[in-house]
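A.B. asks: Structural data only, the sequence is not supplied:
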């Protein structure tokens, strides 16, 4: 009744991905395949047969199904069954024969008799997705159907692959995956506008569900520091929320953030090595599995990058040795030199944060991801470890071509007095954060970590230029949440 | 500069987990080990040496460190360095010698000179965690330190292990990991009290950030159905929120839920096979890695289960063949029989939902996880597929001994008319859910899925009786969110 799938029993139908894995592994002999289920991507009717491309969502490849028309006068033919096949329908093929097709690009096809093919779920004449490739702007108007498109389906599978690769990476490094809280009492980082939360039953009343104002987290870092002091190394992939009013392709109100915190790390260099190793690990996993990950086509008229460009990006991440590292001060000098010959919109000035135009120029100029380290203290958060120069902190941003900042991280200030002085300098309430600062008095250890916005990372790796496509249902200022 | 760790370069210090892996793999020869970093679990001072147990959070095992006291008159000794070592401090050992200890339970120890050991982070005299095992009720009063305890640290590592095993399982089954939205517009399921969300800037104003009332999700299922129709099979591990006013050991206001949705599945039996396979897969991974997962001791005076009992539970999950399956009607008959001889608090009556006492009795009676299928339609959600008997739906709950319900799932109603009739019967607004019901008219396919509360699952597998210990910072009615 059940088969073994990768050594595990299953009663589910075989996936198209498993079909292509079989062919790739060299097992391409004819066999009978039962219970093939998928959706019609396209149909081409011939006199005696129909060529049907099927997809089942597990792979970018479509399954070629050749349906033989039943003889004239047979029951099926009289209904003209094949003419009813349409893009978007779900179908079941009771039984088909796997045939190798060594002369064609696709190594096999399935052949079935007309009466073996049954339409399971029909589509109306108005079904908006058709055989042709749709533009991304059109697909975004179809929030319940767009994921069935070749490109956006591939993007979601790609995101999943990146998550799995990250899980493997942290497992290899003995990092514990943790679930820091989403509901928190404050904007401890000052990292953007907050969403406030109250139980519907108590909305507008004085009584509060948690006895105080409650917000959605903007970063899990402070809680991760608690856990890193217990588990040594931890990481999380958690939703974070920022109620920004700006509406750009680079921001989401709800996004997923990878954050990691590592004990016994006392310098930025080691942190950058860890981040670089992580990204290269993911890039290698993408290269290894590119056949399962990449769409054959990108949408017409969009600025989505071609598959070839995407693979070259992955390979370039690995091709050179260690990525360049510049201090913020060195970066400012470079930028100021450029500004003389070709002015930026914003003049690069020491002590001010880098603008996106500066970040993109630096990465493009070096033609590589580049770590910028040791920013001025005033540009960064209160918890970053102060360098001995008295004006910079032991932090880094990773900038990548096209995108700008991808990762931000730092060593954390582990000196209790220094941390409190910095909080005072910023007029921060000490009492609210006593639980956090007290960590420095209770078996503190040097530690640091970083955060990576998952959608941004996925969009950049995949060559998609709108991070809203890298999450299935995007939430942003002015957007809808009806779905 | 960097070593290879599992084939990947790293500049981080070696973890204690890697030390024990080395010893277990048979490489137990003496060697010099540099830069050992951890926290002191206990210290025993002798005349000429100190025995120090260290932990670094990556394994339940403590590293035995033997520190030789420096000779009389040496600089270190004059400071009486060893007397300063205390439980909770973080320390660095610059250099130590790995020595096999074949006659003892632990296969090796590290030996270091007094001046090789440096206290990095001190603790105050009031540091609450000591060598002895603390009670869980005491530990819960120390929300920033409790995770450093032997038992709760092991529980967090265990949770991480379960997450990784689940990730592997779904990867083996070609299921795509997805991120359905946390911010939603409604309580589509009627699955409990909602938390409402608004941007802080617009709190109390008429203008709404998303143009309508916004809530935190209680279940991602409806969105997963959209994605399953595109990707074939998908799963998620997402935070869910229920603003219940009840305060029990079995409920959290913020919890993580595993949900999966599978296309081309049309009967409950196949769903239960998939769920059973998943749990058995995780149980096997726990057995395989028990040395890295289990605490040696459980807290005194708690009702945490002994390690031996926990391993027996894992083995029992695998030992018998397929777990029993009963229809709801069969379960009611069994319960009514029992009720005659030993009455429950609530009489079992066909048509009413099972009480926790009933669920626990059934699992205990069968001494196994048990699937209860085909509940009355009125007990379950509107989207479940109606059976041909006209009064039950194609659903299941998995009940487990001690805990009661662990998983709930169903085949989904894929007939458009039937679904709309059921919504009308329940006085549900059709327009709000048109995006969902329309899926049935656009290439619909039979599909189904289930949900598993992660904390409940982790607590049950680990033998912990309070699910609040299975999440690092718990959120529940009447609880605090200050941290």
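C.D. replies: In hand now; what should we look at? Quantities reported herein were computed from a predicted structural model and do not represent experimental measurements. Numbering: from 1, shown residues only, chains lettered A, B, ... in the order given.
A.B. asks: Next up, the contacts around residue A:452.
C.D. replies: The contact partners of residue A:452, by C-beta atoms under 8 Å, 6 or more residues apart in numbering or on different chains, come to A:257, A:258, A:259, A:406, A:407. (C-beta placed from N, C-alpha, C; glycine too.)
A.B. asks: Centre of the chain to the host helix or strand of residue A:168, how far?
C.D. replies: Element membership of residue A:168 [criterion: DSSP states H and E] is helix A:150-172. From the chain centre to the centre of helix A:150-172 is a distance of 7 Å (C-alpha atoms, centre = their mean, to the nearest Å).
A.B. asks: who does the very next helix or strand once past that helix touch, helix- and strand-wise?
C.D. replies: Using DSSP H and E, the next helix or strand after helix A:150-172 towards the C-terminus is strand A:176-177. With contacts defined as 3 or more C-beta pairs under 8 Å, 6 or more residues apart in numbering or on different chains; DSSP states H and E, strand A:176-177 has these neighbours: strand A:233-241, helix B:150-172.
A.B. asks: rerun at 10 Å
C.D. replies: helix A:150-172, helix A:221-231, strand A:233-241, helix B:150-172 (3 or more C-beta pairs under 10 Å, 6 or more residues apart in numbering or on different chains; DSSP states H and E).
A.B. asks: about what we covered before: which one of the contacts of residue A:452 sits closest to chain B?
C.D. replies: Nearest to chain B out of the contacts of residue A:452 is residue A:257 (C-beta to the nearest C-beta; 11.4 Å).
A.B. asks: give me the number of residues near residue A:47?
C.D. replies: 5 (other C-beta atoms under 10 Å in any protein chain shown).
A.B. asks: cool, and residue A:404?
C.D. replies: Count around residue A:404 with other C-beta under 10 Å applied: 22.
A.B. asks: who in the stretch 351-483 of chain A is up against chain B?
C.D. replies: Taking C-beta under 10 Å from any C-beta of the partner chain as the contact definition, the stretch 351-483 of chain A meets chain B at A:414, A:416, A:432, A:434-436, A:438-447, A:454-455, A:470-483.
A.B. asks: Give the buried residues for stretch A:63-71.
C.D. replies: A:63, A:64, A:65, A:66, A:67, A:69, A:70 (16 or more other C-beta atoms under 10 Å in any protein chain shown).
A.B. asks: Oops, could you answer that again for stretch A:416-423 instead?
C.D. replies: Buried residues in stretch A:416-423, counted by 16+ other C-beta under 10 Å: A:416, A:419, A:420, A:422, A:423.
A.B. asks: How far away from the center of its chain is it?
C.D. replies: 36 Å.
A.B. asks: Ok, stretch A:174-183 next?
C.D. replies: 18 Å.
A.B. asks: Residue A:338 reaches residue A:360, doesn't it?
C.D. replies: No: Residue A:338 is not in contact with residue A:360 according to C-beta atoms under 10 Å; the separation is 11.9 Å.
A.B. asks: Identify the neighbouring strands of the lengthiest strand in chain A in the sheet and state each direction.
C.D. replies: Counting by DSSP state E, the longest strand found in chain A is strand A:31-45. Note on strand A:31-45: by DSSP bridges, its sheet partners are strand A:49-55 (antiparallel), strand A:90-100 (antiparallel).
A.B. asks: list the helices and strands the next helix or strand after the last one packs on?
C.D. replies: Elements were assigned by DSSP H and E; along the chain past strand A:90-100, the next helix or strand is strand A:108-113. Using 3+ C-beta pairs under 10 Å, 6+ apart as the contact criterion, the secondary-structure elements in contact with strand A:108-113 are helix A:16-24, strand A:31-45, strand A:49-55, strand A:63-68, strand A:90-100.
A.B. asks: Just the buried subset of the residues of the stretch 351-483 of chain A next to chain B, written out for PyMOL, thanks.
C.D. replies: Here is the PyMOL selection string for the buried members of those, based on 16+ other C-beta under 10 Å:
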select buried, chain A and resi 414+416+436+439+440+442+443+444+445+446+447+454+455+470+471+472+473+474+475+476+477+479+481
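A.B. asks: which residues does the residue of the stretch 251-400 of chain A found nearest chain B contact?
C.D. replies: Across the stretch 251-400 of chain A, no residue is closer to chain B than residue A:264, which sits at 4.1 Å (C-beta to the nearest C-beta). Counting by C-beta atoms under 10 Å, 6 or more residues apart in numbering or on different chains, residue A:264 makes contact with A:228, A:232-233, A:270, A:445-448, B:12-13, B:15, B:35-38, B:56, B:90, B:92, B:120.
A.B. asks: Kindly report the same for residue A:358.
C.D. replies: Per C-beta under 10 Å, 6+ apart, neighbours of residue A:358: A:331-332, A:334-335, A:338-339, A:344-348, A:352, A:372, A:399, A:404.
A.B. asks: immediately after the helix or strand containing it, which helix or strand?
C.D. replies: Assigned by DSSP H and E, residue A:358 belongs to helix A:356-366. Toward the C-terminal end, the helix or strand that comes next after helix A:356-366 (DSSP H and E) is strand A:370-373.
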